[in-house]
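A.B. asks: coords please:
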Amino acid sequence: MMTEDILKEAARDLAFLLDRGYPEKAALKLVGDHFGLSRAERELLLRATPPREIALRRRQKRVRAAELSGKRVTMDGYNVLATLSHALSGCPLVLSRDGFVRDAERAYGRFPHLETQLPRMETLILRFFRRYPPAFLGIYLDAPVSGSGKLAERLRQRILRPLRIPGEVLAVKEAERLVLSGEVVLTADGALLDRARRVFDLAGHLIRYSLRMAPKRFFG
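C.D. replies: Below is the predicted model:
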């Protein structure tokens, strides 16, 4: 991994191009080739550097943890679990320009050590929602992903049942539609952030305040 100073400089160059409307793929190749970045570094850089206007719109949708209490809350299950999995595996994380914590998922795989990490992730999520209980909690997983049904049942038993609040944990073909149905959506996925009304970065919150980890910062 390049030094943080080099990655910050690369991020500034990429932001300059994206803010001026340069195509994402071409801009990333230009900057990545110039700095000699690896595949993982390029992905981390891209996920950290949405164009300024998009980043500002996403920031305006963010709510505080306390604002989840009493709301209909829906979770992009695999997005939250994947980011936590990367954190627990020691993979690089970045605090994006839009304020959300992200990883280089395509470079490191979605769940490096899911089976061994699930108990800890469940504990973190359960403790959070006991502190900020929503009126309804929906956790949605993409059914085409292998093992989604089994994982949904586990989360139902280990998270939703102990909370004793209305909700559901489902593995469905079109999870995005249900994720976006909440008053507050828990995800760091850019496409969903742009479509949701109000958003909260659950994985990022747990990483920074429960696990006490500090993602890399390329901006601010």
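
A.B. asks: how's the chain carved up into domains?
C.D. replies: What automatic domain parsing lists as the domains of the chain is 1-49, 60-217.

A.B. asks: Can you give me the end-to-end span of the last one?
C.D. replies: End-to-end distance for domain 60-217, by Cα to Cα, to the nearest Å: 20 Å.

A.B. asks: chain center to that domain: distance?
C.D. replies: 7 Å (Cα atoms, centre = their mean, to the nearest Å).

A.B. asks: For it, give the mean pLDDT please.
C.D. replies: For domain 60-217, the mean per-residue pLDDT is 94.

A.B. asks: Ok, the shortest one next?
C.D. replies: For domain 1-49, the mean per-residue pLDDT is 93.

A.B. asks: What are the neighbouring residues in contact with the most far-flung residue of the chain relative to its centre?
C.D. replies: Going by Cα atoms, centre = their mean, the residue of the chain most distant from its centre is H34, 28.2 Å out. Taking Cβ atoms under 8 Å, 6 or more residues apart in numbering, we find H34 in contact with 10, 13. Every C-beta, even on glycine, is put in place using the N, C-alpha and C of the backbone.

A.B. asks: switch the cut-off to 7 Å
C.D. replies: H34 makes no contacts at all, as judged by Cβ atoms under 7 Å, 6 or more residues apart in numbering.

A.B. asks: what about it, which helix or strand?
C.D. replies: helix 24-35 (DSSP states H and E).

A.B. asks: gap between T123 and R197?
C.D. replies: Here the distance between T123 and R197 works out to 29 Å (Cβ to Cβ, to the nearest Å).

A.B. asks: which of the two has more neighbours?
C.D. replies: T123 (13 against 10; other Cβ atoms under 10 Å).

A.B. asks: wait, is the more buried one part of a helix?
C.D. replies: Yes: under DSSP: H, G, I helix; E, B strand; the rest coil, T123 sits within a helix.

A.B. asks: quick one, what contacts it?
C.D. replies: So T123 contacts nothing (Cβ under 7 Å, 6+ apart).

A.B. asks: same thing with G167?
C.D. replies: 136-138, 160.

A.B. asks: okay, those residues in JSON lines with distance to L84 next?
C.D. replies: Shown next, in JSON lines, are the contacts of G167 (distance: Cβ to Cβ, whole Å):
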{"residue": "F136", "distance to L84": "22"}
{"residue": "L137", "distance to L84": "17"}
{"residue": "G138", "distance to L84": "18"}
{"residue": "L160", "distance to L84": "17"}
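
A.B. asks: Export these as JSON lines, with columns for neighbour count and distance to E43.
C.D. replies: Shown next, in JSON lines, are the contacts of G167 (neighbours: other Cβ atoms under 10 Å; distance: Cβ to Cβ, whole Å):
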{"residue": "F136", "neighbour count": "15", "distance to E43": "34"}
{"residue": "L137", "neighbour count": "24", "distance to E43": "30"}
{"residue": "G138", "neighbour count": "22", "distance to E43": "29"}
{"residue": "L160", "neighbour count": "20", "distance to E43": "32"}
